[in-house]
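A.B. asks: Give me a model of this one.
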Amino acid sequence: MTSDLDAYRSANLLLQQYGAEGAPLIAVNRADAFLNVGDLDGQRVWKSVLAALEELTRSTLRPDERLN
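C.D. replies: Numbers count the residues shown, from 1 in each chain. Presented below is the predicted three-dimensional model:
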């Protein structure tokens, strides 16, 4: 199992390499590749990277968030 920190580190590297448009596609493709071979743990890791990507690239505040 991967930690949240590892997922965010991986997401950040993907963003640096592929940009905000390409990085999610890479993560989805890798998650699908692991699912296709039956590796559910691998798929779970890449889904957590995808969630981290979504968090890092979102541009709106949640209703309960405050702007610093």
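
A.B. asks: mind checking how far the top helix by length along the chain is from the chain centre?
C.D. replies: Scanning the chain for the longest helix, with DSSP state H as the assignment, gives helix 4-36. Centroid separation between helix 4-36 and its chain, computed with Cα atoms, centre = their mean, to the nearest Å, is 5 Å.

A.B. asks: Kindly calculate the angle that the next helix or strand after that helix makes with helix 4-36.
C.D. replies: On the C-terminal side of helix 4-36, the closest following helix or strand by DSSP states H and E is helix 40-57. If you take axes from the mean of the first three to the mean of the last three Cα atoms, to 10 degrees, helix 40-57 sits at 130 degrees to helix 4-36.

A.B. asks: So that it lines up with my notes, have the first residue be 185 from now on.
C.D. replies: Noted, 185 is the first residue going forward, which turns the last one into helix 224-241.
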